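Colleague: Pasting a predicted model and its sequence here:
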Amino acid sequence: DAGVTQSPTHLIKTRGQQVTLRCSPKSGHDTVSWYQQALGQGPQFIFQYYEEEERQRGNFPDRFSGHQFPNYSSELNVNALLLGDSALYLCASSLAAGVEQYFGPGTRLTVT
Amino acid sequence: RKEVEQDPGPFNVPEGATVAFNCTYSNSASQSFFWYRQDCRKEPKLLMSVYSSGNEDGRFTAQLNRASQYISLLIRDSKLSDSATYLCVVNQAGTALIFGKGTTLSVSS
């Protein structure tokens, strides 16, 4: 049973660039949430997608956007990258009616 | 006031010790509660859900006090492999998980 997968594993970008991160949920899950984890902090909620719609959004600027595809996979896009966007980006999947979320291995983004 | 607060530690204990982590949350509308474990540079992994009646899984016991908005995790007979960061997590409506900063545990031989 495949767990949550994310790509790429690591990424280095320059300030002002744009980045796209990808996530495939655990088999049978239909809901994808994205989190940002800065060094020494707990993960912070960015947004959640269900039925290809953004269902809830955390306190992140519009530079952060996302998408969910019919196969439930998801993308996170970040425009106009800032140094402060350097973090581990985690994708979590769940069932719409469930509360337990399972995390992928994350994408480590470094902005220089 | 942060939504979920934890003592960051670090907690340094010898093998075999009993260690307790505490967590408080600010939103009384919180409905679900969890402890996640995170190893260095890895993803958080669900350790256990926390129920008002308390629950136990082997050496791990979790308790929830809704009146005090307080969650705890007790680890008995600590193993070297228990060394990790333990994240207290609450959830309000089946959507966003709200994480504490985590408590770091180091178990030594």
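Modeller: Noted; the coordinates are in hand.

Colleague: measure residue A:39 to residue A:72 for me?
Modeller: 30 Å (CB to CB, to the nearest Å). Where C-beta positions appear, they are placed from N, C-alpha and C, glycine not excepted.

Colleague: do the same with residue A:7
Modeller: From residue A:7 across to residue A:72, the span is 16 Å (CB to CB).

Colleague: residue ranges with poor pLDDT in the chain?
Modeller: With no chain named, the answer covers chain A. Counting by pLDDT under 70, the ranges of chain A that qualify are A:1, A:97.

Colleague: wrong chain, I was asking about chain B
Modeller: B:93-94.

Colleague: centroid residue for chain A?
Modeller: Within chain A, the residue whose C-alpha comes closest to the C-alpha centroid is residue A:34; the distance, by CA atoms, centre = their mean, is 3.3 Å.

Colleague: Quick one: name whatever helix or strand follows the helix or strand harbouring that one.
Modeller: Here residue A:34 is covered by strand A:31-37, with elements defined by DSSP states H and E. Using DSSP H and E, the helix or strand that directly follows strand A:31-37 along the chain is strand A:44-50.

Colleague: orientation of that following strand relative to strand A:31-37 in degrees?
Modeller: Inter-element angle recorded for strand A:44-50 and strand A:31-37: 170 degrees (by axes from the mean of the first three to the mean of the last three CA atoms, to 10 degrees).

Colleague: Strand A:44-50 near chain B at all?
Modeller: Yes. Strand A:44-50 reaches chain B (CB under 8 Å from any CB of the partner chain) through A:44-45, A:48.

Colleague: in its sheet, what does the following helix or strand past that strand sit against?
Modeller: As assigned by DSSP H and E, the chain's next helix or strand after strand A:44-50 is strand A:53-57. When pairs are called by DSSP bridges, strand A:53-57 turns out to pair with strand A:44-50 (antiparallel).

Colleague: Do a quick rundown of the strands in the chain.
Modeller: Since you didn't name a chain, this refers to chain A. In chain order, chain A shows strands spanning A:5-7, A:10-13, A:19-24, A:31-37, A:44-50, A:53-57, A:64-68, A:74-78, A:87-94, A:102-103, A:107-111, with DSSP state E as the criterion.

Colleague: nope, chain B please
Modeller: B:4-6, B:11-14, B:19-25, B:32-38, B:44-50, B:55-57, B:60-65, B:70-75, B:84-91, B:97-99, B:103-108.

Colleague: I am finished for the moment; much appreciated.
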